[in-house]
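Student: Please work out how this folds:
(one chain, ligands or ions: 2)
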Amino acid sequence: MTNLLAQFDLGQLVSYKGIEGGIENTNYFVTLEQNNQHTDYVLTVFEEFGMDDMPFFVELTTWLAERQIPVPFPYKDRNGIALKKLHNRPALLQPRFTGHHVAQTDLSAEHCASIGTHLAKFHLASESFYLRRQAHRGVFWWRRESQNIQRHLSKEDGELLAQEVRLFDELREQPWGLPMGTIHGDMFHDNALFDGNQVSAILDVYNAATAFLLFDLAIVANDWCTLPDGTVDQAREQALLKAYHAERPFTPDEYKAWPQLTRTAAMRFWLSRLIPACGIEQAGRQSGDMVIKDPDELKRILLQRIATPSSLPG
Ligand SMILES: Nc1ncnc2c1ncn2[C@@H]1O[C@H](COP(=O)(O)OP(=O)(O)O)[C@@H](O)[C@H]1O
Ligand SMILES: N[C@@H](CCOP(=O)(O)O)C(=O)O
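Tutor: Ligands and ions are numbered 1, 2, ... in the order given. Below you'll find the predicted structure:
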């Protein structure tokens with residue numbers, strides 16, 4: 001750690017502390033002293049990615065930060081190198097943002113409007129970004145994993161999963177021109193920090209990939225705008241969708257695709273929570289260390305999305 005930090009012109013190490021909660025990454029809060037001033041940083045060590053996976057994230061976060069999107073971006077060392085290694089794993093030194101988390105049950109229409117605006121700006125800023133990436137837990141992953149997990153599931157759950165995988169494949173076959181670009185891919189409320197009721201930072205961009213922009217909004221709607229029984233809080237969802245639409249107006253095809261994309265987004269995270277909950281081993285993830293999140297939460301959202309399809313505001 002000391003050797004790595006000495007390669008930057010950012011000061012002397014004062015202290016560091018591991019952060020609880022990471023699934024794919026290990027994070028450390030690091031304090032450095034320069035000119036009698038203490039500054040906080042975050043050092044992220046990547047457990048799930050190899051060095052070859054990293055340039056996309058280094059370039060994307062630098063690109064977004066240059067366009068005033070509040071994402072952690074990697075500092076360059078005195079030789080202009082951002083991508084580092086710690087204990088033979090890829091590592092990045094990034095700014096530590098101020099701001100607080102808001103619990104899911106405390107999210108208001110204002111919080112949802114703020115993330116709607118930020119997400120649209122994220123999508124617009126990355127429109128001209130020059131690298132592409134296939135999601136590591138995207139369509140090819142869920143086609144494969146939804147098959148692999150069948151023997152662990154009830155017949156009913158297995159069929160529900162298979163149905164949603166098929167319906168997304170059918171949507172992809174439509175002759176529609178759904179806008180694609182770089183999505184965040186995991187914009188749950190615990191990946192945002194707030195200043196008052198405004199988003200001040202967007203964290204954990206390591207699910208970012210090239211995909212339908214509207215799929216990203218569906219991930220947000222499912223997590224930020226639902227109640228514990230899976231039903232949608234209309235006030236929060238409308239605030240989210242209207243704020244997003246004000247920055248990036250929806251296209252006619254997006255109106256048609258929206259109900260299915262809310263279902264696909266719920267299916268994607270239902271599946272990724274089911275895998276560790278069923279005790280299935282995954283490459284790059286130490287199941288023993290994983291925080292197991294409740295898969296039923298996403299199943300309830302999926303069932304509600306099927307029972308009461310959502311529509312985009314005009
Ligand atoms: N760049 C950052 N600035 C401020 N806080 C951060 C930053 N990166 C991570 N954190 C804090 O550390 C927590 C854990 O981060 P992370 O390991 O990415 O967790 P998880 O994978 O559970 O979302 C975040 O929820 C946030 O509170
Ligand atoms: N936000 C997700 C966890 C991250 O997703 P992953 O499947 O890519 O690890 C959740 O709450 O399930």
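Student: excluding its backbone neighbours, what's nearest the closest residue to ligand 2 within the stretch 101-250 of the chain?
Tutor: Nearest residue of the stretch 101-250 of the chain to ligand 2: Phe188, at 4.0 Å (CB to the nearest ligand atom). Any C-beta I mention is one placed from the backbone N, CA and C, and that applies to glycine too. Spatial nearest neighbour of Phe188, chain neighbours left out: Asp223 (4.6 Å); criterion: CB to CB, 6 or more residues apart in numbering.
Student: sec struct for the one you found, please.
Tutor: Assigned by DSSP: H, G, I helix; E, B strand; the rest coil, the conformation of Asp223 is helix.
Student: what ranges do the strands span in the stretch 201-314 of the chain?
Tutor: Assigned by DSSP state E, counting those that start in this stretch, the stretch 201-314 of the chain shows strands spanning 209-212.
Student: Show me which residues of the longest helix anywhere in the chain are buried.
Tutor: If you go by DSSP state H, the chain has its longest helix at helix 252-277. The neighbour-count check on helix 252-277 (16 or more other CB atoms under 10 Å) flags 253-254, 257-277 as buried.
Student: Touching, the residue nearest to Phe188 and Cys112? I think so.
Tutor: No. Between Asp223 and Cys112 there is no contact under CB atoms under 8 Å: 10.3 Å.
Student: Compare the two and say which is more crowded by neighbours.
Tutor: Neighbour totals were compared for Asp223 and Cys112, and Cys112 leads with 27 against 23 (other CB atoms under 10 Å).
Student: touching ligand 1 at all, stretch 75-90?
Tutor: No. Legend: contact between stretch 75-90 and ligand 1 by CB under 6 Å from any ligand atom is lacking; minimum distance shown is 11.6 Å.
Student: which parts of that stretch are buried?
Tutor: Lys76, Asp77, Ala82, Lys84, Leu86, Arg89, Pro90.
Student: Would you check how far apart the closest residue to the second one other than its chain neighbours and ligand 1 are?
Tutor: Going back to what we said before, that points to Asp77. In space, and not counting its chain neighbours, Asp77 is closest to Gln7: 4.2 Å by CB to CB, 6+ apart. Distance from Gln7 to ligand 1, counting by CB to the nearest ligand atom, to the nearest Å: 19 Å.
Student: on that earlier part again, considering only the buried residues of helix 252-277, which also neighbour ligand 2?
Tutor: Among the buried residues of helix 252-277, proximity to ligand 2 is found for Phe269, Ser272, Arg273 (CB under 6 Å from any ligand atom).
Student: Quick check: mean pLDDT of the helix or strand where Leu5 lies?
Tutor: Using DSSP states H and E, the element containing Leu5 is helix 2-6. Here helix 2-6 scores 94 as its mean pLDDT.
Student: Same check on stretch 192-200?
Tutor: On average, the pLDDT along stretch 192-200 is 98.
Student: likewise stretch 272-288?
Tutor: Averaged over stretch 272-288, pLDDT sits at 81.
Student: any idea how far the closest residue to ligand 1 within the stretch 151-300 of the chain lies from Glu127?
Tutor: Sorted by distance to ligand 1 under CB to the nearest ligand atom, the residues of the stretch 151-300 of the chain start with Asp204, at 4.4 Å. Here Asp204 is placed at a distance of 22 Å from Glu127 (CB to CB, to the nearest Å).
Student: so what's Phe140 closest to, chain neighbours aside?
Tutor: Spatial nearest neighbour of Phe140, excluding adjacent residues (CB to CB, 6+ apart): Gln134 at 7.4 Å.
Student: That neighbour contacts Gly185, doesn't it?
Tutor: No. Shown here, Gln134 and Gly185 do not form a contact pair, counting by CB under 8 Å, at 11.2 Å.
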